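Visitor: could you work out the structure for the sequence below:
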Amino acid sequence: MKKLQRLLSLTALMALFTFGAMAQTASLEGEVKGEDGKPLKDALIKLERKDIKGSYKVKTNKKGQWFHAGLPLGTYDIMCEVEGKVVDTVKGVRTRLGDPLPVNFDLSKMAAQRKAMEQAASTGQVTEEMSREMTKEQKEALEKATKERAAALAKNKELNDAFNAGMENLKTKNFPASIEAFDKAAGIDPKQVVIWANKAEAHVGFAGTKTGDEQIAELNKGMEAYGKALELKPDDAGMHNNYALALAKAKKYPEAQAELDKAAQLDAPNAGRYYYNLGAILTNVNQLEPASIAFKKAIEADPNYADAHYQYGLYLFSKATITPDGKTVPVAGTTEAFQKYLELKPDGQFADAAKGMLQATGAAVQTEYKNPNAPAAKKSTTKKK
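Guide: The predicted structure follows:
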């Protein structure tokens, strides 16, 4: 009898412990709506216990619902994570006995609030309703964003004013004032390619008004600016072309050739123009041999580049010899170059000069050249009676 009583007492005690343990757990549930207002599937709900260390996870079902049972009584921070990013958090949730405590997340409301906050930050205007709903942290964040926007606007105005001043002075060839303005703009935002490119042009232009060491100093500054621009945009063919022209003016011909090669590789359809530009610069400084190579490359890149044929013809004509009886003997390719120019540009700016060169070499000059690119004449459709 005593053994039976002890067994009953032990059973009752175990039941009491079991009931006590069961009574100390709780449940949480909720639903998650996406930014479009529809139920969000597979949102990750993280439950972090704050009074005693503990961590739990559960995902939403296709209806956007989540449920977690068997949670120890305590205080939790509940986070909603979407695509690896926590998008909302509810802090200090205290679990309770009995029915599950609902904790919902509506990301559409959050999106609307975020848009309103962004608009408020951009305009500096906050409605009374928004102010009442904002937390202290949100108000502080808005105030910070408003100040940052005001500072950014002031900086942009200062930058635009400096850049525009640089461009205006560049147009009027007031190179010192232009350089000063571009220096100011570069100090405000050194990541703007257009600032460095125009600053380089201003230095190269200023070099054209100088001689000797002063000219070299300005050219070096221009080339340095082109270098910074190309660091920011290395695939700009036009920039490589302009840099090459500056290098040629500084008599750095191999470097100029290398830059023109880059430009031609980056922009093959305009390779002829790049090489022609180099040839023209070299001709102007009496570097006829490297100029001839540039004109030849221009022709190779674009066989229909008429001006390149003419300039190459001038180079070849300079190699002609004079016989004792005063007859001009041109080297091979001279007459062909001038004839090709006249074929491509019979009315071009060098047409008369090309004809004169052909006459000087004793070659026959056609009385009429037809532009190969001219549209064909339309045949008459009128029938003879």
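Visitor: what's the burial count for the nearest residue to residue 345 once chain neighbours are set aside?
Guide: In space, and not counting its chain neighbours, residue 345 is closest to residue 306: 4.2 Å by C-beta to C-beta, 6 or more residues apart in numbering. Bear in mind the C-beta positions are built from the backbone N, C-alpha and C, glycine included. Residue neighbour count, defined by other C-beta atoms under 10 Å, stands at 23 for residue 306.
Visitor: then residue 172?
Guide: When neighbours are defined as other C-beta under 10 Å, residue 172 has 9 of them.
Visitor: can you check residue 96 too?
Guide: Neighbours of residue 96 (other C-beta under 10 Å): 12.
Visitor: next one: residue 321
Guide: Neighbour count of residue 321, defined by other C-beta under 10 Å: 9.
Visitor: same question for the one 3 residues further on.
Guide: If you count neighbours by other C-beta under 10 Å, residue 324 ends up with 5.
Visitor: now residue 45, what's its secondary structure?
Guide: In three-state terms, and counting by DSSP: H, G, I helix; E, B strand; the rest coil, residue 45 is strand.
Visitor: without its sequence neighbours, what residue ends up closest to the spatially most central residue of the chain?
Guide: Closest to where the C-alpha atoms of the chain average out (C-alpha atoms, centre = their mean) is residue 233, at 8.1 Å. Closest residue to residue 233 apart from its sequence neighbours, by C-beta to C-beta, 6+ apart: residue 193 at 4.8 Å.
Visitor: so which residues of the stretch 101-250 of the chain form helices?
Guide: In the stretch 101-250 of the chain, the helices defined using DSSP state H, counting those that start in this stretch lie at 107-123, 128-133, 136-171, 175-188, 193-207, 212-232, 237-249.
Visitor: buried ones in the fifth one, by neighbour count?
Guide: In terms of neighbour count (16 or more other C-beta atoms under 10 Å), helix 193-207 has its buried residues at 195-207.
Visitor: rebuild those residues as CSV, extending it with pLDDT.
Guide: Shown next, in CSV, are those (pLDDT from 0 to 100):
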residue, pLDDT
195, 93
196, 95
197, 95
198, 95
199, 96
200, 95
201, 95
202, 96
203, 96
204, 95
205, 95
206, 96
207, 95
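Visitor: return the member of the residues you listed nearest to residue 223.
Guide: Checking the buried residues of helix 193-207 against residue 223 by C-beta to C-beta gives residue 200 as the nearest, at 7.4 Å.
Visitor: hmm, residue 222 and that closest one touching each other?
Guide: Yes - using C-beta atoms under 8 Å, residue 200 is in contact with residue 222, at 4.6 Å.
Visitor: quick check: neighbours shared by those two?
Guide: residue 246 (C-beta atoms under 8 Å, 6 or more residues apart in numbering).
Visitor: now do the strands in the stretch 251-385 of the chain.
Guide: Ranges of strands in the stretch 251-385 of the chain, per DSSP state E, counting those that start in this stretch, are 321-322, 328-329.
Visitor: returning to that earlier point: least confident of the helices of the stretch 101-250 of the chain, on average?
Guide: Of all those, helix 128-133 carries the lowest average pLDDT, namely a mean of 58.
Visitor: of the buried residues of helix 193-207, closest to residue 80?
Guide: The shortest gap between residue 80 and any of those belongs to residue 195, at 44.8 Å (C-beta to C-beta).
Visitor: and that closest one, how close does it get to residue 187?
Guide: 10 Å (C-beta to C-beta, to the nearest Å).
Visitor: equivalent analysis for residue 237, please.
Guide: Taking C-beta to C-beta, one finds residue 237 at 28 Å from residue 187.
Visitor: likewise residue 261?
Guide: Taking C-beta to C-beta, one finds residue 261 at 34 Å from residue 187.
Visitor: same deal with residue 32?
Guide: Taking C-beta to C-beta, one finds residue 32 at 49 Å from residue 187.
Visitor: looking at those two, which is more packed in?
Guide: Using other C-beta under 10 Å as the criterion, residue 32 and residue 187 rank with residue 32 on top: 26 against 12.
Visitor: ok, now which ones touch the more buried one?
Guide: Residue 32 makes contact with 39, 40, 43, 45, 60, 64, 66, 80, 104, 105, 106, 107 under the criterion C-beta under 8 Å, 6+ apart.
Visitor: mind running it again at 10 Å?
Guide: 39-45, 59-60, 63-66, 80, 82, 87-88, 103-107 (C-beta atoms under 10 Å, 6 or more residues apart in numbering).
Visitor: and it, that's in a helix?
Guide: No - counting by three-state DSSP, residue 32 is not found in a helix; it is strand.
Visitor: mind pulling up the pLDDT for residue 260?
Guide: So, for residue 260, pLDDT stands at 88.
Visitor: any idea how far the closest residue to it other than its chain neighbours is from residue 294?
Guide: Closest residue in space to residue 260, ignoring its immediate chain neighbours: residue 244 at 4.6 Å, by C-beta to C-beta, 6+ apart. Distance of residue 244 to residue 294, computed by C-beta to C-beta: 10 Å.
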